[in-house]
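> here's a sequence, model it:
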Amino acid sequence: MTSTYLASIGLEVHVQLKTRTKMFCACPAHREGDDPNSHTCPVCLGLPGALPTMNREAIRKTVQTGLMIGSQISLVSAFDRKNYFYPDMPKDFQITQQTLPLCIGGGVTIQTPDGPKTIRVNHIHLEEDAAKITHLEHSSEVDYNRASTPLMELVTEPDMASPDEALAFLTALKEMLLYAQISDCNLEMGHMRADVNSSVRPAGADRLGTRTEIKNMNTFRGIHRALEYELARQIALLDAGDSVKQETRRWDDAEGVTLPMRSKEYAHDYRYFPEPDLPPVRLAPELVEQWRAELPELPAARRARFVQDYGLPDYDAGVLTASRATADFFEAVAKECDNPKAASNWTMGEVLRALSESDQTLADTPLTPHALAALIKLLDAKTINQPAAKEVFQILFEQGGDPDAIVKEKGLAQVSDTGALEGFAKTAIEGNPKSVADYRAGKQAALMFLVGQVMKASRGKANPKLAAETLKKLLD
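A predicted model of the protein is given here:
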């Protein structure tokens with residue numbers, strides 16, 4: 001953002017909750033890949049006389065989200081009808097929360113170049129998702145499998161001042177939701193998407209500028225790019241003496257531009273009124289506290305603890321806690337091997353590399369924290385060297401097993417015997433007279449070459465440090 005203008009960004013983040021059934025009926029919750037319209041019933045199709053029933057698990061997960069971000073939990077909340085006519089909503093209205101949402105206030109702290117910043121949340125409410133519409137060349141198809149899937153909407157204040165801050169907010173929110181298993185947060189499947197509101201105003205002005213809304217963004221990269229374009233577009237309009245029109249726009253990712261869709265709607269356009277077929281939601285304080293106790297340690301708190309308890313650098317702690325499964329795996333390894341830094345290095349290095357190359361998760365592999373901890377212990381005890389450890393790791397990752405047994409079976413134990421090392425060293429010296437001469441002429445790189453020859457002769461089993469010491473002894 002230029003020094004002439006200030007940006008204000010607010011997000012309306014829609015999150016499909018991870019529940020077994022839909023929001024108001026017993027149909028299975030939306031799953032990608034199922035046959036279209038195979039999970040429907042009179043309730044989610046809006047047939048006359050069908051009555052909704054609330055999904056308790058969806059209420060629990062929404063409340064837990066509010067607890068994670070410090071919201072005030074409404075002990076009494078209610079549902080409303082949002083009326084609109086479109087094929088994705090078979091009832092011609094959506095059951096949502098307009099006047100009495102489940103969660104009020106709260107905030108998510110992000111890291112910025114100027115330090116921590118808390119993005120305030122106005123409220124979190126619960127509603128039902130709409131059907132999925134696929135527009136073809138000459139027609140459109142509607143799949144009602146997604147209709148009535150539990151959908152949580154988190155509405156922020158316009159506190160974000162740049163696309164980078166919006167991205168940081170979404171990343172931090174996604175981490176928390178994954179940690180608490182609120183949602184799978186698979187953006188490609190539409191589990192998490194956002195409406196993006198943005199405006200610009202002259203620097204020093206207190207009043208926010210006219211805002212536009214970009215609808216249904218489902219990639220973080222797309223949101224960042226769309227905001228960069230939209231903010232620049234608004235600034236160009238103001239610089240030219242024009243005004244920004246309040247409207248809803250869409251993002252054309254291929255062209256890299258936002259395009260107008262319609263004028264911005266207001267709440268009265270939807271003719272909200274209380275949902276007559278659902279009673280108010282009443283929560284006992286004891287139940288809310290029970291749900292609070294079920295929450296896991298959150299990513300930010302876990303990062304701080306990893307730095308304090310395990311002495312890890314901030315970078316290591318950030319990488320390890322980005323995924324709850326990775327953090328759990330590291331911590332189990334660290335506690336068993338009593339070498340947190342080695343556990344961190346192996347988890348961040350070999351484990352994440354192998355997972356990426358094989359396109360697997362930790363749950364998919366036979367590798368266990370116990371096995372990796374045992375491998376690190378063998379390395380620390382100098383029973384094996386680093387190349388041998390990597391060979392054993394690959395076997396553990398692909399097949400599982402016991403590291404000690406694999407070392408014995410493969411003959412990978414490190415050679416530290418002085419006599420054996422002298423034999424390898426003499427062979428290296430005799431076979432490389434030029435390197436010997438270079439070393440004696442003061443070229444230290446020649447020694448490392450000779451160490452490499454010892455390692456080659458020993459098939460990688462020699463202790464590199466002892467090999468260097470043995471060579472020096474023979475050459476000096």
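
> tell me which stretches of the stretch 1-150 of the chain form helices.
56-68 (DSSP state H, counting those that start in this stretch).

> any low-confidence regions in it?
Residue ranges of the stretch 1-150 of the chain with pLDDT under 70: 1-3.

> what sits against the one residue sitting closest to the centre of the chain?
Nearest residue to the geometric centre of the chain (Cα atoms, centre = their mean): residue 175, 4.7 Å. Contact analysis of residue 175 by Cβ atoms under 8 Å, 6 or more residues apart in numbering lists 299, 321-322. C-beta: built from backbone N, CA, C; applies to glycine.

> what's the separation between residue 305 and residue 320?
Applying Cβ to Cβ, to the nearest Å, the value for residue 305 to residue 320 is 11 Å.

> looking at the two, which has the bigger crowd around it?
Shown here are residue 305 and residue 320; by other Cβ atoms under 10 Å, residue 320 has more neighbours (25 against 15).

> what separates the more buried one from residue 333, distance-wise?
10 Å.

> number of nearby residues for the nearest residue in space to residue 91 that is not next to it in sequence?
Spatial nearest neighbour of residue 91, chain neighbours left out: residue 46 (3.2 Å); criterion: Cβ to Cβ, 6 or more residues apart in numbering. When neighbours are counted by other Cβ under 10 Å, residue 46 registers 16.

> ok, residue 46 touching residue 95?
No: Residue 46 sits out of contact with residue 95 when judged by Cβ atoms under 8 Å, with a separation of 10.2 Å.

> please, where are all the helices along the stretch 351-476 of the chain?
352-358, 369-380, 386-399, 403-410, 418-431, 433-440, 444-457, 464-475.

> quickly, which of these bottoms out on average pLDDT?
Lowest mean pLDDT of the helices of the stretch 351-476 of the chain: helix 418-431, a mean of 65.

> could you list the domains of the chain?
5-290, 297-410, 418-475 (automatic domain parsing).

> residue 326 sits in which helix or strand?
In the assignment (DSSP states H and E), residue 326 maps to helix 324-337.

> what lies in contact with that helix?
178-179, 296, 299, 302, 306, 310, 319-321, 340, 343-344, 346-347, 351-352, 361-363, 369-370, 372-374, 376-377, 380.

> I'd like the average pLDDT over it.
The model assigns helix 324-337 a mean pLDDT of 96.

> now the angle from it to helix 369-380?
50 degrees (axes from the mean of the first three to the mean of the last three Cα atoms, to 10 degrees).

> list the buried residues in stretch 52-60.
For stretch 52-60, a neighbour-count test (16 or more other Cβ atoms under 10 Å) marks 52, 54-55, 57-60 as buried.

> what about it, start to end distance?
18 Å (Cα to Cα, to the nearest Å).

> what are the contacting residues of that stretch?
Under Cβ under 8 Å, 6+ apart, the answer for stretch 52-60 is 17, 19-25, 43, 95, 102, 126, 150, 152, 277-278, 281, 283, 291.

> any of the residues you listed buried? List them.
17, 19, 21-25, 43, 95, 102, 126, 150, 152, 278, 281, 283, 291.

> which of those residues fall in strands?
95, 126, 150, 152, 281 (DSSP state E).

> ok, residue 322 touching residue 303?
No: if you go by Cβ under 8 Å, residue 322 and residue 303 don't touch, sitting 9.3 Å apart.

> okay, the two: which has more neighbours?
More crowded of residue 322 and residue 303, by other Cβ under 10 Å: residue 303, with 21 against 16.

> surely the more buried one forms part of a helix?
Yes: the assignment for residue 303 (DSSP: H, G, I helix; E, B strand; the rest coil) places it in a helix.

> list the buried residues for stretch 65-80?
Within stretch 65-80, judged by 16+ other Cβ under 10 Å, the buried ones are 65-69, 71, 73-74, 77-80.

> so how far does that stretch reach from one end to the other?
21 Å.

> any idea which helix is longest in this structure?
helix 220-239 (DSSP state H).

> surely residue 344 is in contact with residue 314?
No: Residue 344 is not in contact with residue 314 according to Cβ under 8 Å; the separation is 12.0 Å.

> the more surrounded of these two?
Ranked by neighbour count (other Cβ under 10 Å), residue 344 and residue 314 place residue 344 first, with 23 against 11.

> next up, the contacts around the more buried one.
Counting by Cβ under 8 Å, 6+ apart, residue 344 makes contact with 310, 312, 316, 320, 330, 334.

> any idea which element it lies in?
helix 340-346.

> buried residues, that helix. List them.
Buried, per 16+ other Cβ under 10 Å, within helix 340-346: 340, 342-344, 346.

> how near is residue 76 to residue 154?
Taking Cβ to Cβ, one finds residue 76 at 20 Å from residue 154.

> brain fart, residue 127
12 Å.

> thought residue 244 was touching residue 258, still the case?
No: using Cβ under 8 Å, residue 258 is not in contact with residue 244, being 11.9 Å away.

> can you show me the strands along the stretch 151-300 of the chain?
Assigned by DSSP state E, counting those that start in this stretch, the strands in the stretch 151-300 of the chain fall at 192-202, 212-217, 247-252, 257-263, 273-274, 281-282.
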